[in-house]
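Asker: I'd like to go over a predicted model; first the sequence, then the structure.
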Amino acid sequence: MADHYFSAEPTSADVRRAVQARIWGKEYTFTTATGVFSRDRLDLGTSVLLREVPPPTGSHTVLDLGTGYGPIAVAIAVEAPDAQVWAVDVNSRALELTAENAKAAGVGDRVHPVLTDGVPEDVRFDEIWSNPAIHIGKPELHKMLLHWLARLAPQGVAWLVVGKNLGADSLQKWLGEQGYPCERTASAKGFRVLKVTATNQAATPS
Ligand SMILES: C[S@@+](CC[C@H](N)C(=O)[O-])C[C@H]1O[C@@H](n2cnc3c(N)ncnc32)[C@H](O)[C@@H]1O
């Protein structure tokens, strides 16, 4: 099978490279690799999300859903020194890179890169951040979002960035229909930033 960025175990050679990015006014050098999403640069959608939404403050528990090589998780952990950041992905190479990048940024003790079943059951999130993997298809995307949104704390918020051409507006509508109020807070460079709030009226995830 072709080696997609969301392959569980990429079969391509693990060719590494360094990517520079400026996030919330700080310079980062991330290690990326073949077989991992956007290995050549900080993804445009991700950069829109990080430019349009301020980082969390305080002792939050945060989820980076679909962490890739970890730019969102690492930058949040740097900005919020009391936060614990869970960084989940299905791609084992992405998780290795996230661990390396977190360590290099001095936040390896507070960024937890794990497979999707690796977050302890009782953990609830004050914030979920995601540039979600739209290419996994609508049924899988919906299942993934419902699964994790159900784990938002009562006052929790999720920030999503989705391409306008990749169904951002229909996703916003669908989330509202599932009982998750969802507003568009920004629109730039072909991407929408969506703010999703937790509600006890949300449908139970399957
Ligand atoms: C659009 S990429 C974003 C990566 C990273 N956050 C960034 O901004 O560069 C989406 C990521 O979601 C991961 N992914 C795919 N299916 C997933 C699932 N069911 N649960 C969690 N992550 C998934 C992919 O492997 C990929 O790394």
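Answerer: Cool, the structure landed.

Asker: I figured residue 55 hits residue 79, correct?
Answerer: Yes: here residue 55 lies in contact with residue 79, judged by C-beta atoms under 8 Å, at a distance of 3.6 Å. Backbone N, C-alpha and C define where each C-beta goes, glycine included.

Asker: Spell out which residues are contacts of both of these two.
Answerer: Taking C-beta atoms under 8 Å, 6 or more residues apart in numbering as the criterion, residue 55 and residue 79 both touch residue 24.

Asker: Show me the shaky parts of the protein.
Answerer: Low-confidence segments of the chain, defined by pLDDT under 70, span residues 1-7, 200-206.

Asker: if we go to 80?
Answerer: Low-confidence segments of the chain (pLDDT under 80): 1-12, 59, 199-206.

Asker: Let me see the contact set for residue 66.
Answerer: With C-beta under 8 Å, 6+ apart as the criterion, the residues that contact residue 66 are 37, 88-89, 130-133.

Asker: show me which of those neighbour the ligand.
Answerer: Among those, proximity to the ligand is found for 37, 88-89, 131, 133 (C-beta under 6 Å from any ligand atom).

Asker: which residue sits closest to the residue most central in space within the chain in space, ignoring its chain neighbours?
Answerer: For the chain, residue 130 is the residue whose C-alpha lies nearest the centre (C-alpha atoms, centre = their mean; 3.0 Å). Distance criterion C-beta to C-beta, 6 or more residues apart in numbering; nearest residue to residue 130, sequence neighbours excluded, is residue 65 at 3.8 Å.

Asker: Identify the bridge partners of that neighbour.
Answerer: With beta bridges defined as DSSP bridges, residue 65 has these partners: residue 88.
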